[in-house]
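A.B. asks: build me a model:
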Amino acid sequence: MKKTVLGGLCAILLSAVSTLAQAETIRIANHGQAGIDAMKSTVERIEKKYGVTVEVIEYPAPDKDYLTKLLTELGAGNAPDLFSIPTTAAVADMVEAGYLAPVTKEFKAWDGYGNLYDVAKELAVSPDGETYVMPFMLGIQEIYYRKDVLEKAGISTEQPKTWRELLDRAAEIKQKTGAYGLLFPAGVSWGSGAFDEGFQHLLVGSKTPQLVDADGKLDLNGEGVKDVFDVYKELIDKDLMPTQPLLGPEPWVVPKYQMFPAGKLVATTCGSWCYIFDWGRESKNPIPDVTKVVGTWTVPGQSNGQYVLANLAAPWAVNSKSANTELAIKALMEIGSIETQVSYAARIGNIPASKDAATNADFQKLTELVPIHAAAGNGVFLKQASGFGTVSEGVARATEALLRKETDAAGAQKILVDYVKETLGDDKVK
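C.D. replies: The predicted structure follows:
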């Protein structure tokens, strides 16, 4: 009898030890050497603070390939405990699929919560009112232009106040310099960037400034959506933006990394990272005195208003099927630290979501980013909803047809609407 009881106790003890050993390893999915390097000190801090081993699993580097791999692993139940999400548009879909653990309570109790910019807190809230991500970094996007090229040609560098003024400025650039006047990312090869780095910049200042109505349906038939496609069509039809590079693989390489530095493209949408990585000290083709010769315009509205677009830059989340959700959430809060934010800013070029980063000595050294960090307080954004990933793909397909001159603005809108309806169902579209 004693042997039986003793044997049972030993079995329970061994089981508990085995469970504890498994719980002491946290698996983190990351991609790209810059991202892995940015997380290095945070990984070390998590290991030391919680006495765990952090296993960093490297997924494919391009965002599209990374997201495909992550979604496949989540669907199969094999995904790591923690992972970043490369595009905000995917968050609502992942929430609806049940892949993300809610962290609202822990997030609001986190000692860094009060320091976050309001736009970061708002962006982190999902349509169901819960928070599932750590909004530690912001992508702040505007229009970047070659001030030196405009001044040499006698073209105004004043902030365009409407879409019409922006398009007229692009036409004047083409007429006086022969260079392309303006680039909004477009096409299937650009992937989610056709939406994230292009379409939404104009949409927020259109007659349809949000795509989600009160009952959660996607308002894709709005007049503003067609008007945005009209802007693309004018840029393409009047040869004001380069189109051929956008139809090939890696469509950003030629216009962003070659034509803009050479002054053959004079204005383009871009984010804070561009001052460092696209054209600055970390670029393979840097523009001398980049912060002096490259200026920024806010994105003008259709008839009025100016917009600095803010979005979450690769927010981190916890796998709802994590073997130790409580520990994974604690690790998630560490990712939100000022130290991690500044590390990402230095290596990726996005903007810390915490106001306190402004006084951090290491962040102050990133002189290109300091003024943009201050602008984050004025950021605007699109409200998210389930289906945004599909909308993003639909915009890429619609703008591809415009690039190939296969349709007009109304036709592009129909391509978007039809694709979303076919993928999500008619009831998802207003």
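
A.B. asks: state the next helix or strand along the chain beyond the worst-scoring helix or strand of the chain on mean pLDDT.
C.D. replies: Lowest by mean pLDDT, DSSP states H and E among the helices and strands of the chain is helix 2-23, with a mean of 42. As assigned by DSSP states H and E, the chain's next helix or strand after helix 2-23 is strand 25-30.

A.B. asks: so in that sheet, which strands flank that next one, and in what orientation?
C.D. replies: Paired strands of strand 25-30, with direction, are strand 53-58 (parallel), strand 82-84 (parallel) (DSSP bridges).

A.B. asks: for Asp227, see how far away the closest residue in space to Asp230 that isn't next to it in sequence is.
C.D. replies: For Asp230, ignoring the flanking residues on the chain, the nearest one in space by CB to CB, 6 or more residues apart in numbering is Ala409 at 4.2 Å. C-beta here means a position set from N, CA and C on the backbone, and glycine is covered the same way. For Ala409, the distance to Asp227 equals 8 Å [CB to CB, to the nearest Å].

A.B. asks: with Ala323 instead?
C.D. replies: 49 Å.

A.B. asks: and these two? Which one has more around it.
C.D. replies: Asp227 (19 against 14; other CB atoms under 10 Å).

A.B. asks: thinking again about what came up before, correct me, but the residue nearest to Asp230 touches Lys226?
C.D. replies: Yes. Assessed by CB atoms under 8 Å, Ala409 is found in contact with Lys226 at 5.2 Å.

A.B. asks: distance between the ends of stretch 157-170?
C.D. replies: Across stretch 157-170, the terminal residues are separated by 12 Å (CA to CA, to the nearest Å).

A.B. asks: so which bits of that stretch are buried?
C.D. replies: Neighbour counts over stretch 157-170 (16 or more other CB atoms under 10 Å) mark Pro160, Thr162, Trp163, Leu166, Leu167, Arg169, Ala170 as buried.

A.B. asks: Val95: which of these is nearest?
C.D. replies: Distance to Val95, by CB to CB, is smallest for Trp163 among the buried residues of stretch 157-170, at 33.5 Å.

A.B. asks: give the contact list for the closest one.
C.D. replies: Leu202, Gly205, Val231, Pro300, Gly301, Gln302, Ser303 (CB atoms under 8 Å, 6 or more residues apart in numbering).

A.B. asks: swap in Pro160?
C.D. replies: Contacts of Pro160 (CB under 8 Å, 6+ apart): Leu166, Arg169, Trp297, Pro300.

A.B. asks: show me the strands in the stretch 251-400 of the chain, by range?
C.D. replies: Using DSSP state E, counting those that start in this stretch, the strands of the stretch 251-400 of the chain run over 267-271, 294-297, 299-300, 306-312, 316-318, 351-352, 379-380.

A.B. asks: quick one: pLDDT of the residue nearest to Lys121 when sequence neighbours are not counted?
C.D. replies: Spatial nearest neighbour of Lys121, chain neighbours left out: Pro135 (7.0 Å); criterion: CB to CB, 6+ apart. For Pro135, the pLDDT comes out at 96.

A.B. asks: same question, the one 5 residues further on
C.D. replies: What the model reports for Ile140 is a pLDDT of 90.

A.B. asks: could you give the angle of the helix or strand where it lies to strand 306-312?
C.D. replies: Using DSSP H and E, the element containing Ile140 is strand 137-146. Inter-element angle recorded for strand 137-146 and strand 306-312: 140 degrees (by axes from the mean of the first three to the mean of the last three CA atoms, to 10 degrees).

A.B. asks: following element in sequence after strand 137-146, please.
C.D. replies: Scanning onward from strand 137-146 (DSSP H and E), the first element met is helix 147-153.

A.B. asks: mind saving the C-alpha coords of that next one as PDB?
C.D. replies: Output of helix 147-153 as PDB, limited to C-alpha atoms (Å, rounded to 0.1, in the frame of the first residue of the first chain):
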ATOM      1  CA  LYS A 147      13.400  70.100 -51.600                       C
ATOM      2  CA  ASP A 148      16.700  70.700 -53.500                       C
ATOM      3  CA  VAL A 149      15.200  69.600 -56.800                       C
ATOM      4  CA  LEU A 150      12.100  71.800 -56.400                       C
ATOM      5  CA  GLU A 151      14.100  74.900 -55.400                       C
ATOM      6  CA  LYS A 152      16.500  74.500 -58.300                       C
ATOM      7  CA  ALA A 153      13.500  74.300 -60.700                       C
END
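
A.B. asks: quick one: list the elements packing against it.
C.D. replies: Counting contacts by 3 or more CB pairs under 8 Å, 6 or more residues apart in numbering; DSSP states H and E, helix 147-153 packs against helix 163-177, helix 290-293.

A.B. asks: where among those helices is average confidence lowest?
C.D. replies: Among those, helix 290-293 scores lowest, with a mean of 94.

A.B. asks: so what does that one touch, helix or strand wise?
C.D. replies: So helix 290-293, by 3+ CB pairs under 8 Å, 6+ apart, packs with helix 147-153.

A.B. asks: any idea how far Leu202 lies from Asp111?
C.D. replies: From Leu202 to Asp111 the distance is 38 Å (CB to CB).

A.B. asks: please disregard the earlier target; I meant Thr399.
C.D. replies: 43 Å.

A.B. asks: got the domain boundaries for this structure?
C.D. replies: 25-135+313-378, 140-308+384-428 (the TED database).

A.B. asks: quick check: which of the strands of the stretch 251-400 of the chain is buried the most?
C.D. replies: Among the strands of the stretch 251-400 of the chain, judged by mean count of other CB atoms under 10 Å, the one packed with the most neighbours on average is strand 351-352 (a mean of 30).

A.B. asks: helices and strands around that strand, which ones?
C.D. replies: So strand 351-352, by 3+ CB pairs under 8 Å, 6+ apart, packs with strand 137-146, helix 338-348, helix 370-375.

A.B. asks: ok, which of the ones you listed comes nearest Lys414?
C.D. replies: It's strand 137-146; of the helices and strands packed on strand 351-352, that one is closest to Lys414 (CB to CB) at 27.5 Å.

A.B. asks: strand 267-271 and the closest one, what's the angle between them?
C.D. replies: Going by the same axes, to 10 degrees, strand 137-146 makes 160 degrees with strand 267-271.
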